[in-house]
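In: 3D, please:
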Amino acid sequence: MKFAIMGSGGVGGYFGARLAEAGEEVTFIARGEHLAAMLNQGLHVRSIKGDVTLPRVQATDDPAGVGEVDCVIVAVKAWQVREAAESIRPLVGPDTLVLPLENGVEAADILAEVLGDAPVLDGLCGILAWREAPGRIRHAGVDPFVRFGERDNHSSARTARLKAAFDKARGVSAEIPDDIRVAQWSKFLFICAMSGIGSISRAPIGVTRQVPETRSLIQAMLEEIDQVARGHGVVFPSDAVARAMQFIDAIPAESTSSMQRNILAGEPSELESQNGAVVRLGRSVGVETPVHALIYAALLPQELAARGEIPAMR
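Out: Residues are numbered from 1 along each chain as shown. So this is what the prediction gives:
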């Protein structure tokens, strides 16, 4: 298959490299020093599942020059999805799939608003990875997986073809769940709680899950998200919260979320798409979310400053 990777950082760089290693035709959409390094030195992935070195890769900052592809993997930050959707229009033909791998639960809706419903799948991934230098990706935790499906959960030949491509890739587990919304919200359940607690405490998950006070906050956040999901018709299992806490307890102790890392660096983050989304989506179905509301409010001034909407904080 012919892939375009829109956003070639930790997520897009890792999965794109694995697909390229497996023989798929992959073009990375990137910019700046990262793009220059890939063009000059290739792409290098240091991974607990085995390293990947691609001495030469196809990479560009101009999606219009690539032409139509079989699948666009959208792996930008959640707040960049609408802009990304506009820029990938030239990549999307009548048979193209668009697969979002963002944190949060709203990326597919945004993509469909811009590109129409037909090409867009629901999707998610699991991985602890980041760009550690231009042209270099570090995968340090979580067995990488992708899960995707048609938005109404019907079986299709096109998703089966996409899964077959991922199945050939080393270091990737691919699945078409019976209910993609349950799968998507299940990831959102733990990553949003992990992001929120890490961002306000400035501590890795190994600390916050051990200290009783912060562990209680994690539990409360999980329960609020669970209620919001059910309010939106997500058919969660009865033990969804317990499963999410088990996953959090199994993550490497030094782990941090990408949102937490952005906030610590004073950069724009996914606050609006994670804790802010819980508050907003909860309000729309009459579910109170006081813990997420407090976290969102506490982090919002820094977020606005990082986006240049209020004076920088000193």
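In: send the alpha carbons of whichever strand or helix holds Ser195 over as CSV?
Out: Using DSSP states H and E, Ser195 sits in helix 180-201. In CSV, the C-alpha atoms belonging to helix 180-201 read as follows (Å, rounded to 0.1, in the frame of the first residue of the first chain):
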residue,chain,number,x,y,z
ILE,A,180,-14.2,1.0,17.7
ARG,A,181,-15.8,3.6,19.9
VAL,A,182,-15.4,1.4,23.0
ALA,A,183,-11.7,0.9,22.1
GLN,A,184,-11.2,4.6,21.5
TRP,A,185,-12.8,5.7,24.8
SER,A,186,-10.9,2.9,26.6
LYS,A,187,-7.6,4.5,25.6
PHE,A,188,-9.0,8.0,26.3
LEU,A,189,-9.9,6.8,29.8
PHE,A,190,-6.4,6.1,30.9
ILE,A,191,-4.4,8.5,28.8
CYS,A,192,-6.5,11.5,29.9
ALA,A,193,-6.2,10.6,33.6
MET,A,194,-2.5,10.1,33.2
SER,A,195,-2.1,13.4,31.3
GLY,A,196,-4.0,15.3,33.9
ILE,A,197,-2.3,14.0,37.0
GLY,A,198,1.1,14.2,35.4
SER,A,199,0.6,17.8,34.2
ILE,A,200,-0.6,19.2,37.5
SER,A,201,1.9,17.2,39.7
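In: where exactly do the strands run in the protein?
Out: Counting by DSSP state E, the chain has strands at residues 2-6, 25-29, 43-47, 52-54, 58-60, 71-74, 97-100, 122-133, 136-149, 173-175.
In: dump the ones you listed into a markdown table; add mean pLDDT as well.
Out: Formatted as a markdown table, the strands of the chain follow (pLDDT from 0 to 100):
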| stretch | mean pLDDT |
| --- | --- |
| strand 2-6 | 98 |
| strand 25-29 | 98 |
| strand 43-47 | 98 |
| strand 52-54 | 97 |
| strand 58-60 | 98 |
| strand 71-74 | 98 |
| strand 97-100 | 98 |
| strand 122-133 | 94 |
| strand 136-149 | 95 |
| strand 173-175 | 98 |
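In: with Gly198 as the reference, name the closest of those strands.
Out: strand 122-133 (12.4 Å; Cβ to Cβ). In short, each C-beta sits where N, CA and C put it, glycine included.
In: what packs against that closest one?
Out: Applying 3 or more Cβ pairs under 8 Å, 6 or more residues apart in numbering; DSSP states H and E, one finds that strand 122-133 contacts helix 10-21, strand 97-100, strand 136-149, helix 180-201.
In: nearest residue to Ile110 in space, please, no chain neighbours.
Out: Of all residues not flanking Ile110 in the chain, Val81 sits nearest, at 4.8 Å (Cβ to Cβ, 6 or more residues apart in numbering).
In: excluding sequence neighbours, find me the nearest residue to Glu175.
Out: Using Cβ to Cβ, 6+ apart, the closest residue to Glu175 is Arg147 (4.8 Å).
In: to what extent is that neighbour buried, counted in neighbours?
Out: Look at Arg147: counted by other Cβ atoms under 10 Å, it has 21 neighbours.
In: give the contact list for it.
Out: 123-125, 174-177, 180, 183-184 (Cβ atoms under 8 Å, 6 or more residues apart in numbering).
In: hey, what's it bridged with?
Out: Beta-bridge pairing for Arg147 (DSSP bridges): Leu124, Glu175.
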